[in-house]
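A.B. asks: here is my input, please return the structure:
(chains A, B, C and D)
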Number of protein chains: 2
Amino acid sequence: MSTKILPQPERADIRVEAVLQALGEPVRLQIVRVLAEHPEGVCCGDIELPVTASTRAHHLKTLREAGVLSTHTEGTRRVSILRRDDLDDLYPGLLTGVLTARQ
Amino acid sequence: MSTKILPQPERADIRVEAVLQALGEPVRLQIVRVLAEHPEGVCCGDIELPVTASTRAHHLKTLREAGVLSTHTEGTRRVSILRRDDLDDLYPGLLTGVLTARQ
DNA sequence: ATCGTACTACGATCTTCGTCGAACTTCGAC
DNA sequence: GTCGAAGTTCGACGAAGATCGTAGTACGAT
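C.D. replies: Residues are numbered from 1 along each chain as shown, chains lettered A, B, ... in the order given. Got it, this is the predicted structure:
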């Protein structure tokens, strides 16, 4: 079983516009909220969403390319983790502000 | 000279999705950065932007309706101010995180 | 190797959104 | 009052993006 990390931007290449745009979509914000509750990572398919699997994959890709989350393989499964360290370092307070918002 | 405040959401009606979506647009983020440097408010037309006046008006309306800024009239001019208190109260750290980002 | 599971990639469709120009409104100045 | 300046609103256009179904890939199990 080989564990691979899917392509993602380096910390230095994360742009705030991309992060904000990624977080500004309700479904994606929902994904981020779930990830925030599971620091150990979440299997993509386990996140309940009102969209099909292909749409979910698309949103996860958007979040990954924006630098919001990191995804690695575990067998046939893909586990996503919030890049909290990187985001907190680049934009201190941003994530906290977003996550403490009433839903 | 009557000073009017243009319609804007109450603090309690500000939704984080709307704020993030509003901030996730490069031109609008630029506007917010300018406003952050001028707590006393900025006249709409004084913000240099790579778009026409009508597009600027559209972005300012989007930001105002999202609860990011407040606009009041001063004669024929309209002065916009960042709603920093409200945003800091609702999403502590969000604005700081966004504004401290390297551009 | 074959099968099923988990996910991704591709194309198509439909909606949203950023942009503009032109027309309209409002206000101060004259 | 008329004029000009500052902004807004409207309609249209094109680009971007959210969604889906289908086909394809990668892996573990048998």
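A.B. asks: mind saving the C-alpha coords of the longest helix seen in chain A as CSV?
C.D. replies: Scanning chain A for the longest helix, with DSSP state H as the assignment, gives helix A:53-66. Presented in CSV, the C-alpha positions along helix A:53-66 are these (Å, rounded to 0.1, in the frame of the first residue of the first chain):
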residue,chain,number,x,y,z
ALA,A,53,-19.8,12.2,-6.2
SER,A,54,-18.4,13.9,-9.3
THR,A,55,-19.4,17.3,-8.0
ARG,A,56,-17.9,16.5,-4.6
ALA,A,57,-14.7,15.5,-6.3
HIS,A,58,-14.7,18.8,-8.2
HIS,A,59,-15.1,20.8,-4.9
LEU,A,60,-12.4,18.9,-3.2
LYS,A,61,-10.0,19.6,-6.1
THR,A,62,-10.8,23.3,-5.9
LEU,A,63,-10.1,23.3,-2.2
ARG,A,64,-6.9,21.4,-2.7
GLU,A,65,-5.6,23.6,-5.5
ALA,A,66,-6.4,26.7,-3.4
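A.B. asks: what about A:R78, helix or strand, and which?
C.D. replies: According to DSSP states H and E, A:R78 maps onto strand A:77-82.
A.B. asks: so how far is that strand off the chain centroid?
C.D. replies: 8 Å (C-alpha atoms, centre = their mean, to the nearest Å).
A.B. asks: listing partners with orientation, what would you give for that strand?
C.D. replies: Each strand that pairs with strand A:77-82, with its direction, by DSSP bridges: strand A:42-43 (antiparallel), strand A:69-74 (antiparallel).
A.B. asks: so what secondary structure elements neighbour the lowest-mean-pLDDT helix or strand in chain A?
C.D. replies: Across the helices and strands of chain A, the lowest-confidence element by mean pLDDT, DSSP states H and E is helix A:94-99, at a mean of 93. Helix A:94-99 sits against helix A:26-37, helix A:84-90, helix B:94-99, with contacts defined as 3 or more C-beta pairs under 8 Å, 6 or more residues apart in numbering or on different chains; DSSP states H and E. (Glycine included, C-beta is placed from N, CA and C.)
A.B. asks: mean neighbour count and distance to A:I5 for those helices - can I get that in a markdown table?
C.D. replies: Below are the helices and strands packed on helix A:94-99 laid out as a markdown table (neighbours: other C-beta atoms under 10 Å in any protein chain shown; distance: least, C-beta to C-beta, whole Å):
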| stretch | mean neighbour count | distance to A:I5 |
| --- | --- | --- |
| helix A:26-37 | 18 | 16 |
| helix A:84-90 | 16 | 14 |
| helix B:94-99 | 22 | 25 |
